[in-house]
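Trainee: sequence? don't have it. structure:
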């Protein structure tokens, strides 16, 4: 069975600090997909990144970077020089093939508070 | 246009009422989803439609009935709900479903309260 663990329930940082959000997953499939979504207080989930299991390249997009390590089943997310607008709940998600199609499950989420 | 719209934004209904939630996307996406999200919890998958056919039903009670009239529209019909069904209902769409898993684009949700 697939599982996503985000051990950090809440993180509080001061603006301009770097912060890393951890994500550990479990799956039996060799083909799977990992995602990060952001849910600001407004409630709408926003897609941040998608990674397939065959692409372990790390990625950087502006202040955001992601570290995918299959050896440790982790897909961690780092925000550099955090800003107040980064305050949100961040979900890591795993999608793998099941009967009928790909099924996505979300981790419990990490609530990030960035204080000015 | 990368927008998924949902109506209504808020809905209060009694346990004997029948209501519907609506979702629309114009991105040409061929997969659409319903999720339920309780406060301080992650979204839980309810249904997946792929090419207008129901492909995944996560053992959702029959008081929730999904419908996909066409590739742009997704409805969720509600009947005889319970107070514990109160939650944020999120609709999402993705480019496709089947061989690959694509990122999903979410609507703002309908906040449902069952009294």
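Mentor: Received it, and whenever you're ready, just let me know what you need. Quick caveat: nothing in here was measured; it's all calculated off a predicted structure. Numbering: from 1, shown residues only, chains lettered A, B, ... in the order given.
Trainee: helix or strand: which one has the spatially most central residue of chain B?
Mentor: In chain B, the residue lying closest to the centroid (Cα atoms, centre = their mean) is residue B:34, at 2.7 Å. Residue B:34 is part of strand B:31-37, with elements assigned from DSSP states H and E.
Trainee: next SSE after that strand?
Mentor: strand B:44-50.
Trainee: strand partners (parallel or antiparallel) of that following strand?
Mentor: As defined by DSSP bridges, the strand partners of strand B:44-50 come to strand B:31-37 (antiparallel), strand B:53-57 (antiparallel).
Trainee: looking at these, which is buried most?
Mentor: The highest average neighbour count among these, using mean count of other Cβ atoms under 10 Å in any protein chain shown, belongs to strand B:31-37 at a mean of 23. Bear in mind the C-beta positions are built from the backbone N, C-alpha and C, glycine included.
Trainee: residue B:115: neighbour count?
Mentor: For residue B:115, the neighbour count with other Cβ atoms under 10 Å in any protein chain shown is 10.
Trainee: just checking, it touches residue B:83?
Mentor: Yes - between residue B:115 and residue B:83 there is a contact under Cβ atoms under 8 Å: 7.2 Å.
Trainee: mutual contacts of these two, please.
Mentor: The contact sets of residue B:115 and residue B:83 overlap at residue B:15 (Cβ atoms under 8 Å, 6 or more residues apart in numbering or on different chains).
Trainee: got the residues of chain B near chain A?
Mentor: By Cβ under 8 Å from any Cβ of the partner chain, the residues of chain B that approach chain A are B:31, B:41-45, B:48, B:50, B:55-56, B:88, B:90, B:92, B:97-98, B:100-109, B:111.
Trainee: residues in chain A within reach of chain B, list them.
Mentor: Near chain B, when you scan chain A using Cβ under 8 Å from any Cβ, you find A:32-33, A:35, A:37, A:42-47, A:50, A:52, A:91, A:95-96, A:98-109.
Trainee: quick one: the helices in chain A?
Mentor: Ranges of helices in chain A, per DSSP state H: none exist.
Trainee: ok, which stretches of chain A are strands?
Mentor: A:3-5, A:10-14, A:19-21, A:24-26, A:32-39, A:46-52, A:59-61, A:64-69, A:74-79, A:88-98, A:101-106, A:110-115 (DSSP state E).
Trainee: same question for chain B.
Mentor: For chain B, applying DSSP E gives strands covering B:4-7, B:10-13, B:18-25, B:31-37, B:44-50, B:53-57, B:64-70, B:73-79, B:87-94, B:104-106, B:110-114.
Trainee: who touches the strand holding residue B:34?
Mentor: In contact with strand B:31-37 (Cβ under 8 Å, 6+ apart) are residues A:101, B:23, B:25, B:43-51, B:64, B:66, B:68, B:74, B:76, B:87-97, B:102, B:104, B:109.
Trainee: related to what we said a few turns ago, which among the residues of chain B next to chain A end up buried?
Mentor: Burial by neighbour count, 16 or more other Cβ atoms under 10 Å in any protein chain shown: within the residues of chain B next to chain A this picks out B:31, B:42-45, B:48, B:50, B:55-56, B:88, B:90, B:92, B:97, B:101-109, B:111.
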